[in-house]
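here's my sequence, what's the structure:
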Amino acid sequence: MVIRSAFWWAAAVCCLLTASLAVADDAAFKLTIRNHRFEPAELVVPAGQKIKLEIKNLDATPEEFESHELNREKIVPANGTVVIFVGPLKPGRYPFFGEFNKDTAKGVLIVK
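Residues are numbered from 1 along each chain as shown. Predicted structure coming up:
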């Protein structure tokens, strides 16, 4: 009985470690919203792998990250941060914009 419990405990730990490593493998990239603009406006990311976008809004008003090409939209609260996962992506240009400030909040993921 002790061997069986030890086996299940060890299996559970291995599963958790494997899941942690899988999340750690995602490439992380940062975008900042400042003065209703994305910084950087062009972000180069690698092709063929899942991408973690961390978007930090330094403005006092919310913004929405939106991209039809990436099939993503997410509200970024004022002075808040959100994480969005995309990919794996093929090489190309994937535009995004801020729904609340379309004239200034524009950017593109350049996938190479």
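
state the distance from the spatially most central residue of the chain to Asp103.
By CA atoms, centre = their mean, the mean C-alpha position of the chain lies nearest to Leu53, the distance being 2.4 Å. According to CB to CB, to the nearest Å, Leu53 and Asp103 sit 22 Å apart. All C-beta spots, glycine's among them, are computed from the backbone N, C-alpha and C.

for Val108, give me phi and psi.
As for Val108, its main-chain torsions (degrees, to the nearest 10) stand at phi -150, psi 140.

so what's it up against?
Ala41, Glu42, Leu43, Arg93, Tyr94, Pro95, Phe96 (CB atoms under 8 Å, 6 or more residues apart in numbering).

how near is it to Thr61?
According to CB to CB, Val108 and Thr61 sit 23 Å apart.

next: Arg72.
20 Å.

neighbour count winner among those two?
Each of Arg72 and Thr61 has its neighbours counted (other CB atoms under 10 Å); Arg72 has more, 15 against 12.
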